[in-house]
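1. what's the 3D shape of this:
(one chain, ligands or ions: 1)
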Amino acid sequence: MTIRICLAGATGWAGSAVARGIANSEDMTLVSAVARTHAGKTLGEVLTEPSLTCQVYATPEEALTAQACDVFFEFTKPNVAKANVITALNHNAHVVVGTSGLTDSDYEEIGTLAEQKQRGVLGVGNFALTVVLLQKFSEIAAKFIPQWEIIDYASDRKKDSPSGTVRELANRLSKIRHSELTVPIEDTQGVKETRGARMTGSQVHSVRLPGFTISVDVVFGMPDQKLTIRHDSGTSAQPYVDGSLLSIRKVSSFVGLRRGLDSVLDLS
Ligand SMILES: NC(=O)c1ccc[n+]([C@@H]2O[C@H](COP(=O)([O-])OP(=O)(O)OC[C@H]3O[C@@H](n4cnc5c(N)ncnc54)[C@H](OP(=O)(O)O)[C@@H]3O)[C@@H](O)[C@H]2O)c1
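-> Reported below is the predicted structural model:
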């Protein structure tokens, strides 16, 4: 028995790399794909990968009605991701979410539905192993250092802000503590917005410029000492593939919502 997958966003930059990864895995099968432009074709025709014989559908509803699946993988766009996840849960699929842009309250709602449906949802802001380590190292630092700020860098074309990586990081650090502000934002003299946005206890600054893919600096400050933990993504989607495949294998092993790849990894 292989794991049957519906991959939404299968023709995209990240989704096509995951589709090829699935094609090369013996324990999983892509049974359907979702993308609007190439709906009606086989995914193999679009990606020139003959082993991908599944059909591309324009919507998750059509794909999930035509082909039952075990795991729905969401890799489309922030504006449709939440609705796609809800559709998939209503079709009784387990769900892996790679798409950025979902808020903490979106995830709360999704988690409640996942519990009702007795299905697993794994939301992963970044599937790269090096980002999992950035998250872990930052959580350790936050235990010892009460003040930090996060700088989120991405290309000028990225519409959502901050990145999924930074949303997830801020959410995780909030469980350690909230970063202290020596001068409260409301007491800032001048332009308050230059101090960034407060997100679940972290001060976040987003930079959107050509030349960046996705980078993040977590800057911890103490009197007379600083620590910067930095991650830089390259230009290929390959670093996300192994984490995506691992998520597909793990998401049916629990019920409800988990966030972060390390929630299904043993990093101890
Ligand atoms: N978690 C991670 O590690 C990670 C890594 C990389 C990217 N991401 C995130 O993943 C998302 C996708 O990124 P990407 O760079 O792969 O984007 P992309 O290259 O633009 O691909 C988007 C895919 O979704 C499809 N799509 C878009 N809107 C759709 C809709 N309304 N209905 C159905 N299909 C739709 C597109 O096909 P059509 O346009 O033909 O419909 C395409 O297949 C982004 O949110 C990005 O930030 C996360």
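2. Every contact and neighbour count from this point should use C-alpha atoms.
-> Noted.
3. need the residues of this protein near the ligand, please.
-> 9-15, 34-38, 58-59, 75-78, 80, 98-100, 124-127, 240 (Cα under 6 Å from any ligand atom).
4. filter these to the buried ones?
-> Using 16 or more other Cα atoms under 10 Å as the burial test, those include 9-12, 14-15, 34-35, 38, 58-59, 75-78, 98-100, 124-127, 240 as buried.
5. List the ones among these that fall in helices.
-> Residues of those located in helices (DSSP state H): Ala14, Gly15, Pro78.
6. OK, contacts around the second one?
-> Listed by Cα atoms under 8 Å, 6 or more residues apart in numbering, the contact set of Gly15 reads Leu7, Ala8, Gly9, Phe75, Thr76.
7. ok, now with 6 Å
-> Residues in contact with Gly15 (Cα atoms under 6 Å, 6 or more residues apart in numbering) are Gly9, Phe75.
8. Helix or strand next in line after the lengthiest helix in the chain, which one?
-> If you go by DSSP H, the chain has its longest helix at helix 129-144. Next helix or strand after helix 129-144 toward the C-terminus (DSSP states H and E): strand 148-154.
9. what is the rounded mean pLDDT of stretch 15-25?
-> Stretch 15-25 carries an average pLDDT of 97.
10. send the alpha carbons of that stretch over as CSV?
-> Extracted C-alpha coordinates of stretch 15-25, given in CSV (Å, rounded to 0.1, in the frame of the first residue of the first chain):
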residue,chain,number,x,y,z
GLY,A,15,5.2,21.9,-6.0
SER,A,16,7.0,20.6,-9.1
ALA,A,17,10.1,19.7,-7.1
VAL,A,18,7.9,17.8,-4.6
ALA,A,19,6.0,16.1,-7.5
ARG,A,20,9.4,14.8,-8.8
GLY,A,21,10.4,13.7,-5.3
ILE,A,22,7.1,11.7,-5.0
ALA,A,23,7.7,10.2,-8.4
ASN,A,24,11.1,8.9,-7.2
SER,A,25,9.6,7.5,-3.9
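11. in that stretch, what's buried?
-> Gly15, Ser16, Ala17, Val18, Ala19, Arg20, Gly21, Ile22, Ala23.
12. which of those lies closest to the ligand?
-> Gly15 (5.4 Å; Cα to the nearest ligand atom).
13. all helices of this structure, in order?
-> Going by DSSP H, the chain shows helices at 13-23, 43-47, 60-66, 78-90, 104-117, 129-144, 164-174, 241-250.
14. Tell me which of those approaches Pro210 most closely.
-> Set against Pro210 and scored by Cα to Cα, these come closest in helix 13-23, at 17.4 Å.
15. ok and the closest one relative to helix 241-250, angle-wise?
-> Interaxial angle of helix 13-23 relative to helix 241-250 (axes from the mean of the first three to the mean of the last three Cα atoms, to 10 degrees): 60 degrees.
16. now the helices of the chain as CSV including distance to Ser155?
-> Listed next are the helices of the chain as CSV, based on distance: least, Cα to Cα, whole Å:
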stretch, distance to Ser155
helix 13-23, 14
helix 43-47, 25
helix 60-66, 28
helix 78-90, 16
helix 104-117, 23
helix 129-144, 18
helix 164-174, 14
helix 241-250, 21
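17. Among those helices, which comes closest to Asp224?
-> The closest of the helices of the chain to Asp224 is helix 129-144. By Cα to Cα, the value is 15.1 Å.
18. so how many other residues sit close to Ser202?
-> By the criterion of other Cα atoms under 10 Å, Ser202 has 26 neighbours.
19. same question, Ser253
-> Ser253 has 11 neighbouring residues, counting by other Cα under 10 Å.
20. just Ala68 next, same as before
-> Ala68 has 17 neighbours, counted by other Cα under 10 Å.
21. Chain neighbours aside, what residue packs nearest to Ser206?
-> Asp152 (4.6 Å; Cα to Cα, 6 or more residues apart in numbering).
22. right, and the one you found touches Gln203 too?
-> No: contact criterion Cα atoms under 6 Å: Asp152 and Gln203 do not qualify, at 10.7 Å.
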